[in-house]
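# Quick one, what's the 3D model for this:
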Amino acid sequence: MDISKIVNETEVTIKLSGRLDTTAAPELIELLDEILVDGVELFVLDMEECDYVASSGLRAILGAQKKMNAIHGKMIVKNVVSDVMAVFEMTGFSDILTFE
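Numbers count the residues shown, from 1 in each chain. Here you go, the predicted structure:
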């Protein structure tokens, strides 16, 4: 999995490429812990090139949503491929997350 980030003052964008599995999820969680702090108003998770999400990846994404809720920010998940969206729908994440 490749993770790239763009930080612009109050907006953070993370772009995922590859598989968000048990190997990649801890790296994502560590990065999110560092950058999702007070002052971040918008977090965008771009999943255009992410073709698989394991349960550990779902936990990482849920953790990001909880962090943004705690700091009164907004999280948007965008460009989700159909296979990954099916996982979000089956797990109920489609009711929790905001998609674009």
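
# Number of residues surrounding the closest residue to V53 other than its chain neighbours?
Closest residue to V53 apart from its sequence neighbours, by Cβ to Cβ, 6 or more residues apart in numbering: L20 at 4.7 Å. For every residue, glycine as well, the C-beta is placed using N, CA and C. L20 sits with 25 neighbouring residues when counted by other Cβ atoms under 10 Å.

# So A54 sits against G18, correct?
No - using Cβ atoms under 8 Å, A54 is not in contact with G18; the gap is 11.9 Å.

# circling back: and the residue nearest to V53, how close does it get to V84?
From L20 across to V84, the span is 8 Å (Cβ to Cβ, to the nearest Å).

# so what sits against both of the two?
C50, Y52, V53 (Cβ atoms under 8 Å, 6 or more residues apart in numbering).

# Quick check on the residues you listed: which are buried?
C50, V53 (16 or more other Cβ atoms under 10 Å).
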